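> Compute the structure for the input listed below.
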Amino acid sequence: MLEQIKNTIKDGGMLYLYGEIGAGKTTLVKQIAETFGLDPVKIKSPTYTYYRKYTLAPDQDFYHFDLYRLEHPDDKLLGEITEILQNPKNILAIEWPNQLAAHLPEAKMTVEIVIKED
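Sure, this is the predicted structure:
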């Protein structure tokens, strides 16, 4: 699954991640980031900052967004996302994209993590 995700977004684009709190969205982002050569230990949840940036190449960055705490669309954040999207090679992994659904372009891939009860 990780290779399929990587191959879908490697040239840029958005990955939307859905799942309950604690479902493993950030863990999945760390695993995806590792497939791009990033150190998964350095990938931190951006819950309070909304996003973190990790450089992949001089012309490509990997962005990890966590919009869980976003209550209302924020003009500053929307402007930053617009600026990030100016480079089509950038990769955006977005947890809780529904918080900005009306303002985000279509994702290249959507992943929903479901916790199964025994």
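> So the residue nearest the centre of the chain, which state does it fall into?
Centroid check for the chain by Cα atoms, centre = their mean gives residue 93 as the closest residue, at 1.4 Å. Per DSSP: H, G, I helix; E, B strand; the rest coil, the secondary structure class of residue 93 is strand.
> Tell me which residues touch it, please.
Residues near residue 93 by Cβ atoms under 8 Å, 6 or more residues apart in numbering: 9, 14-15, 17, 29, 32-33, 62-65. For the C-beta atoms, the positions are set from N, CA and C on the backbone; glycine is no exception.
> Quick check: buried residues in the helix or strand that residue 4 is a member of?
Residue 4 is located in helix 2-9, with elements delineated by DSSP states H and E. Buried residues in helix 2-9, defined by neighbour count with 16 or more other Cβ atoms under 10 Å: 5-6, 9.
> just how off-centre is that helix within its chain?
13 Å (Cα atoms, centre = their mean, to the nearest Å).
> and residue 111, what helix or strand is that in?
In this assignment (DSSP H and E), residue 111 forms part of strand 109-113.
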